[in-house]
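[1] Make a model of this:
(2 chains)
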2 protein chains.
Amino acid sequence: MPTQHEEDIYWMQRALELARRGIGITSPNPAVGCVILDCAGQVIGEGWHEYDLLDHAEVAALKVAQQHASARLKGGTAYVTLEPCNHTGRTGPCTQALIAAGVKRVVAATGDPNPNVSGHGMEALHAAGLETVLGVCENEARRINEGFARWIQHKRPFVLMKVAMTLDGRIAPPPGQHSAREPYWITSEAARAAVQPLRWQADAVVVGVDTVLADDPHLTDRSGLRRRRPLLRVILDSALRMPLDCKLVRTADFDVILFTVSKDDKKITELTRRGVRVEVLPAEAGRVPLPAALDMLGSEGILNLLTETGTRLNTALLAGGLVDRVHIFVSPQIMGSDAVPAFKALAHPIQMGTVEVERYENDLGICSLLRDPWRVDPEAIK
Amino acid sequence: MPTQHEEDIYWMQRALELARRGIGITSPNPAVGCVILDCAGQVIGEGWHEYDLLDHAEVAALKVAQQHASARLKGGTAYVTLEPCNHTGRTGPCTQALIAAGVKRVVAATGDPNPNVSGHGMEALHAAGLETVLGVCENEARRINEGFARWIQHKRPFVLMKVAMTLDGRIAPPPGQHSAREPYWITSEAARAAVQPLRWQADAVVVGVDTVLADDPHLTDRSGLRRRRPLLRVILDSALRMPLDCKLVRTADFDVILFTVSKDDKKITELTRRGVRVEVLPAEAGRVPLPAALDMLGSEGILNLLTETGTRLNTALLAGGLVDRVHIFVSPQIMGSDAVPAFKALAHPIQMGTVEVERYENDLGICSLLRDPWRVDPEAIK
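    Below is the predicted model of the structure:
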């Protein structure tokens, strides 16, 4: 016989699976899953949140349960990957829905990342006489909503820095050793394919104009996975060097935003006419101020930002303490110090947290959190 | 019922275990293990080679079998991790011993790496009417004797390059950012502890004099594991800058060899008097010629050389095509381009073979063969 805790883990794993179905379709809301058991321990409802369908995961699961076996809800248990809300937003409070349905026990994986409402949902359930358990599979649950946790606290996107480099930290051969206008791939096809799910999980992807000039990328989400909002493609281009005939401009469809500090109205008009949204920010040392750009993206509901930047921006983002997680694709080769480094000089080493290693054929993926978006620490954000 | 091939793999795994007992005590001979079954499939003898005990693994195992159940050797099977020798060296041919014992079947993991004798052992057994099988667990068997395979073909040691670096390929902080005479560890204690078994498996370890000046290392094998010959400590010091009061000189006991191109007889005499063997080689571009140094080490029966060198020598060894395997310890941090790189400029990227990943707490070990010492290819060695 499994213990109650083992049972809880089992069903929470299922709720996490359901929550993951929401990736790509819940932002700017969190991805949440819910499983409802009757008092005999049998599943009578499952649900997950989808932004356009409004219903939170708990309500979606309750509706299924009510349809199938409404009488059996009384005395049941709800597993939910995020603390149920206790306020009315686009929908009514989930706490009330659970109480009204007669559920006896609510198990939540993690509290609400918003420090102002965290705990209120569990308290409301407890006050109504329900048994509450918090913290089952917490790490896995938090992983799913890193973007939401960062954004709800600081109104800035969670920044995932993607780098594809050699084992000695080089992102391109020495200048002149390969002809421009011919893409040079550092990593294997399998590693490159693994970038697509990262784009899918992101609300926006950002590059510097140097990358546009060097590689002329599309920056589209070619994962084939379902997404609600188009991937916002962001370019940082202080001096407005963006070519009008690049792929990004040619394919712009209100999904390309360019941050600049240039006041070249003619170029701005030309870009705008081609469907590129241009945002002029006040220059900082002649450059686009990165925190201000992140603030603006955050104000538009961008929870997850994927960076596919080059040497200078990688370094500026790290030095500015703006990176939440790194995902570094490593090709097993050594290029030597004449090749282009992934990072320029840093005043202090950047220390990583617990490292996860993935394999893509003979390439590696090294993934680590640089700072925890779930940690409530206003000082962590400058 | 397991198939014959599954049985063969099972017993060869055991023979490989026995072979590994010889690491540290067989060089300059190969490490070999042997299991002998009687005709009913029951083990009656096991053995492994140890240089000082003379007996090859087959003979060691036969002796055990003869002691316990000599009558049951007839019709038995011998599992041996390396093709039995068919010539008289320090001992008689193992093929004859197996034939004389009445063994019916011999399973060998891999052929002899010496192209001049490879196959002769199996042929002699076959000619005597024994059943022979070659190639069971070949990759694992070859892994154990990479040093022997390189050395027996080219009279040069197998070169294992150890590097401890950050994720962006840096082996030390920017010059001036930490005080000299104070060791700065890039990798974790667990990763550093993993270097000791690498020293144990090596016959010699090499550093440049810059490393001596920066870190004043002992370069001793502190694994605590059994070894026959002391670890030879090798220094490359073109200009004879070796300090007389460094730990290597103070602990020299006929186990320190210094290669130089300097003819400073006074310094050479001083070093020699302190137990350091100094070898003067003809300069190449003012430096110690690395191939000549490897040749000299090979001529003295050094099969496995571990490099713990810094930027310049790492690069020269790689550029010279002298490295057989790399074992790179990676600390999850980014130091930036002002920090000391592990490798300087290379004319061509160095491509690695299949990558193995190990973990030491939060550090990684990335291990890969750059060229296969078992491959018979005289062109591969310059």
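[2] hey, let's count contacts and neighbours off CA atoms from now on
    Noted.
[3] And the pLDDT for A:A180?
    For A:A180, the model assigns a pLDDT of 62.
[4] Show me what the closest residue to A:C367 other than its chain neighbours bridges to in the sheet.
    Leaving aside its sequence neighbours, A:C367 sits nearest to A:H327 (CA to CA, 6 or more residues apart in numbering or on different chains; 4.4 Å). Here A:H327 sits in beta bridges with A:K162, A:C367, as judged by DSSP bridges.
[5] quick one: A:H327 from A:G76, how far?
    Going from A:H327 to A:G76 by CA to CA, to the nearest Å gives 41 Å.
[6] for A:E308, same thing?
    For A:E308, the distance to A:G76 - CA to CA - is 47 Å.
[7] CA atoms of stretch A:237-255 as CSV?
    Extracted in CSV, the C-alpha atoms of stretch A:237-255 (Å, rounded to 0.1, in the frame of the first residue of the first chain):
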residue,chain,number,x,y,z
ASP,A,237,19.8,48.0,-32.8
SER,A,238,21.2,51.1,-31.3
ALA,A,239,22.4,52.7,-34.5
LEU,A,240,19.5,51.5,-36.7
ARG,A,241,21.7,49.4,-38.9
MET,A,242,18.9,46.9,-39.6
PRO,A,243,18.8,46.1,-43.4
LEU,A,244,15.4,46.7,-44.9
ASP,A,245,15.8,43.5,-47.0
CYS,A,246,16.6,41.1,-44.2
LYS,A,247,14.3,38.2,-43.5
LEU,A,248,13.1,39.6,-40.3
VAL,A,249,11.8,42.8,-42.0
ARG,A,250,10.5,40.9,-45.0
THR,A,251,8.4,38.6,-42.9
ALA,A,252,7.4,41.2,-40.2
ASP,A,253,3.7,40.9,-39.4
PHE,A,254,3.3,43.0,-36.3
ASP,A,255,5.5,40.5,-34.6
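[8] which outside residues touch that stretch?
    A:208-209, A:212-213, A:216-219, A:230-233, A:256, A:258-262, A:264, A:267, A:270-271, A:274-277, A:286-288 (CA atoms under 8 Å, 6 or more residues apart in numbering or on different chains).
[9] Could you pull up the mean pLDDT of it?
    For stretch A:237-255, the per-residue pLDDT averages 97.
[10] quick check, distance from it to the centre of its chain.
    Centre-to-centre, stretch A:237-255 and its host chain are 24 Å apart (CA atoms, centre = their mean, to the nearest Å).
[11] how about that stretch: buried residues?
    A:237-240, A:242-243, A:248-249, A:251-252, A:255 (16 or more other CA atoms under 10 Å in any protein chain shown).
[12] In CSV, list those along with secondary structure.
    Shown next, in CSV, are the buried residues of stretch A:237-255 (DSSP: H, G, I helix; E, B strand; the rest coil):
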residue, secondary structure
A:D237, coil
A:S238, coil
A:A239, coil
A:L240, coil
A:M242, coil
A:P243, coil
A:L248, helix
A:V249, helix
A:T251, coil
A:A252, coil
A:D255, coil
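[13] Just the CA atoms of the strand or helix carrying A:V106, as CSV, please.
    If you go by DSSP states H and E, A:V106 is part of strand A:105-108. C-alpha atoms of strand A:105-108 as CSV (Å, rounded to 0.1, in the frame of the first residue of the first chain):
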residue,chain,number,x,y,z
ARG,A,105,-8.8,18.0,0.5
VAL,A,106,-6.7,20.2,-1.7
VAL,A,107,-3.1,19.4,-2.5
ALA,A,108,-1.1,22.2,-4.2
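[14] And that strand, what does it pack against?
    Judged by 3 or more CA pairs under 8 Å, 6 or more residues apart in numbering or on different chains; DSSP states H and E, the packing partners of strand A:105-108 are strand A:77-80, strand A:131-134.
[15] Within range of chain B, give me the residues from the stretch 101-250 of chain A.
    A:167-170 (CA under 8 Å from any CA of the partner chain).
[16] Who wins on neighbours among those residues?
    With neighbours defined as other CA atoms under 10 Å in any protein chain shown, the most crowded of those is A:G169; it has 31 neighbours.
[17] Tell me the spacing between that one and A:Q201.
    In terms of CA to CA, A:G169 sits 25 Å off from A:Q201.
[18] Helix or strand for A:F259, just tell me which one.
    Using DSSP H and E, A:F259 falls in strand A:256-260.
[19] Quick check: what element follows that strand along the chain?
    helix A:265-273.
[20] number of nearby residues for A:I144?
    20.
[21] That one is in contact with A:A31, isn't it?
    Yes - shown here, A:I144 and A:A31 form a contact pair, counting by CA atoms under 8 Å, at 7.0 Å.
[22] which element follows the strand holding A:V106 toward the C-terminus?
    Counting by DSSP H and E, what follows strand A:105-108 is helix A:120-127.
[23] roughly how far is that following helix from the heart of the chain?
    Using CA atoms, centre = their mean, the offset of helix A:120-127 from its chain centre is 28 Å.
[24] what's that helix packed up against?
    helix A:94-101, strand A:131-134.
[25] Quick check: mean pLDDT of the last one?
    Yep, that's strand A:131-134 we're talking about. Mean predicted lDDT for strand A:131-134 stands at 98.
[26] in chain A, which ranges drop under the pLDDT threshold?
    Counting by pLDDT under 70, chain A shows low-confidence ranges at A:179-182, A:377-382.
[27] So what does the residue located most distally from the centre of chain A have for phi and psi?
    Largest separation from the mean C-alpha position in chain A: A:A71, at 39.0 Å (CA atoms, centre = their mean). Main-chain dihedrals, A:A71, degrees, to the nearest 10: phi -70, psi -20.
[28] and the end-to-end length of stretch A:244-256?
    End-to-end distance (CA to CA), stretch A:244-256: 13 Å.
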